[in-house]
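S.K.: A structural model of the following input is requested.
(chains A and B)
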Amino acid sequence: MINVSNIERFATHDGPGIRTTIFLKGCSLHCPWCANPETWAEYPVLMHDTKTCVRCLACQNNCSNMAIHFDPEFKWNSQTCQRCNTCIENCPVEALEFSGKSMEIEEIVKIVLKDIDYYKNSQGGVTISGGEAFVQFDALMELLKALKKHNLHVAIETTGNYSNEKIKSALSYIDLWLIDFKHIDKDMLQKVTGGDYDQIMENIMYLMNACPDQVIIRTPVIPNFNSDQKTLCAMIEYVSKYPVKEMDLLPYHSLGKSKWDKMHKNYVYSDLKMMDKSELSDYVEIGKKHGLKIKLGG
Amino acid sequence: MARINIDGAQNVEVSIKIPCEKTPLEQLEIMEAYTKAHQESKNEDKAVRELNCLKTIFPRLFRSIEENDLIAGRLDFLPIGFGSVTSIGGVGHYCVFHKLRAFKDTLEDEELKKRVDVLYDYWQDNDVKSIYCQDILNDTTTGRFIDCKFPFMATARLSGMMLDYKKLVRFGVDGLINLIKDNESNTFMEACLGTMYLFKDVIRKQIELVEDAIEKTQDEQRLKDLYLMKEDLIYILDHKPATFHQALQLFWLYALCAGCINYGRMDIVLGPYLKHDIDTGLIDEDEAYRYVKSLWTMIENRRTTVNGRIIVGGKGREDVEAADLFCKIALRVCKDTRYVEPQFTLRFDHTTPDYIMDMAYECIASGATYPTLYNDEVNVPAVMYGMRVDEKIAEQYIPFGCGEFVIQGKSVGTPNTLLNLVKIMQLALNEGYDPMDHVYKAGPVKVHPIESFDTFDKFYDQYKALLDYYFDLSVYAQKHSYEIMNQEVSFLFTSILMDDCLARQKALLDGGVEILGGTNETYGNINASDALYAIKTLVYDQKKYTLKELNEAALHNYVGYEKIRKEILALPKYGNDIEDVDEMANDLYEYVAKNIRQRGIDEGMGYYLIVISNNQTNTDWGHQTDASLDGRLRGVYMNPANNPQGGAAKSGPTAVLNSLARFDAKYHGGSVQNIKFTPRMMHEDKEKVKLLFKTYFDKGGCQLMVTVVDHGVLEDAQKHPENYPDLIVRVAGYSAVFVNLTKDVQEELLSRTLYD
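M.R.: Sure, this is the predicted structure:
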C-alpha cells in the first residue's frame, strides 16, 4: 500500500510526452510557497471549503470522535479523526473532502496502464511527484519496480532531502530525475524550507555526476528568497559545471493558495504578485553563456 | 381520429435567416402561382406536377447578386414551395404553416390576409409532410419532429442528399440532357429533360442578374469579376465546365435548385479543375482562395444551422494531389472566415500528408471548431459492414448534417426517426406510463410492476421489450416516409444526379436510388446506460435500495431524496475510462444499434442505422423528460451525442477519449464526439495534443470535434460552474479544473493578456 494524494492523467508538464503523474503523500520540507500543502502529511487530510460551507454543523454533530469543532472557525483534529467519512456523507453542500488515500500498488499500475498507448506514441510515461516520494521509501521502491516491469519511462520529482543510500537504491528504476535546487545558501535553505542542505547537495551532486543526462534541475524562483540576480546567477553557474539536460526556472505563483485556505493554514505570500515568465528571460541568455540550457516554466 | 396538427417548429433553427428580397405581395403571388400549378396538375403524373410547380419558383426566386459575390446564385424560399429538407423551406410540395402564419401577420391588407388563408387551408391536405404525419403520428407514442412529449419522433424529409456533382461537371448541362435522351423515355425521364431545360433558364436568369450588377458598378476590379461571372455563365449554358470557376458556378447553381444543403467531397469535384488552372497559370492560389471564400460566404448565407457540409480528404480519391490542393485552400479559407457554416470536415487516413494535418490542427486551435475530423481507417471498414457495401463504395461515405453517413451520389440516409432512450426506460419503471405527463406510452407491450423485477436481467429485459416495440415503430415510420414522399414527388433535380435513377428511368424513391438507407437518431444513450449501471449497482449488486425506492426518488425529482441522488452521482460514470460502466454503455449501444440495423435488413432497406449525433434535441427532449436514475434532474438536458452527461467526465482527456473509442463503429451510421481545450493547451502543448488525438484515432476513435474555449467561456464558467466541470486550465506548476480554482485565481487567469 502507498499513500497517494492524487493521480493526474494527461499530465503534460512533468517530463517528456504524455504522462500520468502520481502525487504521493508525505514531505519532509515545509516550503511556505508550496502549491501542494495537502501532501505534507502522510495521512489523509480533511479539506474544508469555507466559501461553500453553510455552517449547518452537520459534520460536527455527526462526528462520533469529536474531531470537528466550530469555535467559531472550523477546526479539525487529525489525531482523533478516524477517517470514517461520516462528516463528508452528512455535508449537504460538499464543503468537505479528504485529500489522500491509501492505494494498492497494483491499483495504481492499473490506472497508469490505461494510457500506455498515449505514452508509446508520445515517448511519455509516468512521473512520481509529491510531496516527497522518498518519504514512503519502501512503498516507492515497490511502485518503481512494478512500473518498470511494464517498461514504462519513469520520472521522479524530488527534493533530495533524504539519505544518499536511498537514491542509489532507486537509481536503476528511474529514467529522469527532476530534482529541486532551491537555494545555494545553506542558512537560507535550511531556515526557510526546513531541509538538510548538506544532504540535498550531496544528492544533487551525486546525480549530476552519476547520470547527468538524466537530470533536470528545478528551481522555483521565489521573491525575497532566491529571486535576486546574485543568487540565481550563482546557482546557474554551479549547475553549469555538469552536463545536465537542463535547468528549469519556475516563476513564483500563488495558485496553491486555495489549498492552504481549505486546510485553514496561513499562506504567507497572500500579498505577493505572481511572477511572469518574462521576468526571468535574461537567465536563458546567462545559462547559454555557461553552456546550460535554461527553460522557463515546468 | 382527430386531425394531427403539425403547425410548429419543424427543425433546429439557430441561425437567423436572411429576409426574402421580394415584396410581400410578390411573395404571395409566387405562392399562389405554385399552389395553382399544384392544383391544376392534380391529375398529372407526380413528375409532371413537380416540374410544373418548379417552373413557378425557378428562376423567379433567385435574388440579386451581392457586392462581393464571385459566383452567381442566391435563392430565396417561401413558406410554400418545393424542397428536400426542413432547414430551408420544406419537403416535396411543402407548406411551413407557422411561417405562413408569420407571413400573414406581416400583411396589413385584409384581402391579402384572406388570400393567405386560402393557401393555408389548401396545404393542410396537400403538404407532403402533413400527409405523412396523418398516417404516423398519434397521441401516445409518436410525435412530430420537434414535439418532445413523445418517446419517439418521426418526420418526412430528405435530408443529407449529396449528389454526384462529378457527373454534373463531367457531362455539363447539355451532356446530361443527352444522357437523359439516350435512355429509354417515360414520363419521369421527360420530366427530367424538362428539369434540365428549366435549369438552363436558371443559368440565363443569372446572366441577367450579373448584367444588372454590372450596370451598378464602376469599380474596375469588380467589373472584372462580374465579366468573368457572366462569361462563365454563358459558357456553362452550352458547355461542360473547363475551369475551376466554371465548375464551381455550375455545381453551386445545381445544388441550389436541388434544395441540397450538404455538398460533400468538393475536393474530388473541384480539385482537378483547380489544379489545371493553377498549372496552366490561368489563376494563382490567391485567386482560387477568393472563389472558395465566396463559396463559403454563399453557404453561410443559407443559414441552415446544422448542415452545409463540405468534406475533404480521405480514401477513395482518384487525383489525390489535385484534391489536396483544394483541401489546402479550403483550410485557409475556413481558418480565416470562422463561419458557423460550412461544416468543414476532414477525412484522413495514414496517407494524409502531415502539412494537411498540421493546417487542420492550426485551424482547430484558432477556435474555428473546424475541421471536424473523421478517421477513415475506422470509418471505411465500419461503413462496409454497417451498410453492407464493398470497399470502393464505402470509401465514398460522407457525414452530413449532424453526422449521419451517406454514400455520395448513391444513397439516401435521411434521419426521419428519433428515439429517446431515457423516456423509454421510464416506461419500464412505471408500468408503461411516462412520469412526465402520466400518459400510457407502451403500446401493446406488457409492462410488469416494478416489484416484479427481482433480478437486473428481468428489468433490463423489460426495457429491451419496450425498446423493441419502439424499434418496430421506427422502421415502419422510416419506410413509410419514403412511401409518402414517393407517392407525392419525384425529386427531379436530385434524381438526375443520383445513381442510378437515369439508367433505371425511375425517380429517387421509386426504385431509382441504388441504396435506400436511413438513420435513426438516438438520444439519452449515456443517461440511459449510466442509469442502468446505477440500478444494477445499488439495487442488485449492493442491495442498498429496492428498484422501487430508487424510482420513487426520481419520481420526486430527488427532492427529499438528496442522499440517494448523491450516492447515484458518486457512482462511476461513462467517460472516465472505467471498465464496468463503459461496458454497460457499450452493451446498451450494441443492443440498440444492432437491433435497429437488423430491422432495416429485415425490411429490405439498403441500411437503417442509428446515429449518435448532437444538435440541440438532447436539450429540447431533456426539458420534457423526467428525472433519470443517472442522477439527472427533471427537465435537464440529456447527454450530448455519445459524450458523457455534462459534469460526469472527471478523469482528463485520455480517459474520456478511451471511453469514447470503445463503441465499435461498424454498428452505427455516424457518431460524434466533442472535446474542449483551452487555446493555451492547443498552442503550448501542441505536439502533445496532436499525439493525444493520434493515439485516440489509433485506438479506434472514429471522429472528433474540438472546441477551443476562450476567456468568454471562462467568464461564463464563473457564473455557471456546474456547466464546466471538465474545463481544464494550465494554471502554472499544475493543471486544474477551472471551476475548482478560487475566484481570485480565476480572475488572475482572466487578467492575463489575450493574444489573438
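
S.K.: where's the residue in the stretch 351-500 of chain B that chain A sits nearest to relative to B:Leu331, distance?
M.R.: For the stretch 351-500 of chain B, the residue closest to chain A is B:Met357, as judged by CB to the nearest CB, at 14.0 Å. Yep, even glycine has a C-beta here, placed from its N, CA and C like the rest. Going from B:Met357 to B:Leu331 by CB to CB, to the nearest Å gives 10 Å.

S.K.: Among those two, which residue is more densely surrounded?
M.R.: Counted by other CB atoms under 10 Å in any protein chain shown, B:Met357 and B:Leu331 do not tie: B:Leu331 has more neighbours, with 24 against 17.

S.K.: Looks to me like the more buried one is in a strand.
M.R.: No: B:Leu331 is assigned helix when assessed by DSSP: H, G, I helix; E, B strand; the rest coil, not a strand.

S.K.: how about it, what does it touch?
M.R.: B:312, B:344, B:346, B:356, B:359-360, B:363, B:371 (CB atoms under 8 Å, 6 or more residues apart in numbering or on different chains).

S.K.: And the residues you listed, which is closest to B:Thr35?
M.R.: B:Phe344 (38.3 Å; CB to CB).

S.K.: For the closest one, give me phi and psi.
M.R.: phi -90, psi 130 (degrees, to the nearest 10).

S.K.: Burial check on the residue nearest to the residue of the stretch 351-500 of chain B closest to chain A when sequence neighbours are not counted, number of neighbours?
M.R.: Nearest non-adjacent residue to B:Met357, counting by CB to CB, 6 or more residues apart in numbering or on different chains: B:Phe348, 6.6 Å away. When counting by other CB under 10 Å, one arrives at 21 neighbours for B:Phe348.

S.K.: how much space is there between B:Phe348 and B:Gly670?
M.R.: 17 Å.

S.K.: what's the answer for B:Pro19, then?
M.R.: Here B:Pro19 is placed at a distance of 33 Å from B:Gly670 (CB to CB).

S.K.: Verify the stated contact: the residue of the stretch 351-500 of chain B closest to chain A with B:His350.
M.R.: No: the pair formed by B:Met357 and B:His350 falls short of the contact definition of CB atoms under 8 Å, at 10.7 Å.

S.K.: Overlap of the contact sets of those two?
M.R.: With CB under 8 Å, 6+ apart as the test, B:Met357 and B:His350 reach no residue in common.

S.K.: Would you tell me which helix is longest in chain B?
M.R.: helix B:456-488 (DSSP state H).

S.K.: Who are the packing partners of it?
M.R.: strand B:92-95, helix B:128-136, strand B:152-154, strand B:417-420, helix B:421-429, helix B:579-602 (3 or more CB pairs under 8 Å, 6 or more residues apart in numbering or on different chains; DSSP states H and E).

S.K.: buried residues in it?
M.R.: B:456, B:459-460, B:462-464, B:466-467, B:469-471, B:473-482, B:484-486, B:488 (16 or more other CB atoms under 10 Å in any protein chain shown).

S.K.: How far off centre is the lengthiest helix in chain A?
M.R.: The longest helix of chain A (DSSP H) is helix A:197-210. Chain-centre distance of helix A:197-210: 19 Å, with CA atoms, centre = their mean, to the nearest Å.

S.K.: give the contact list for A:Pro92.
M.R.: A:54, A:56, A:58, B:562.

S.K.: Quick one: mean pLDDT over stretch A:233-244.
M.R.: For stretch A:233-244, mean pLDDT is 97.

S.K.: What's the end-to-end length of it?
M.R.: One end of stretch A:233-244 sits 17 Å from the other (CA to CA, to the nearest Å).
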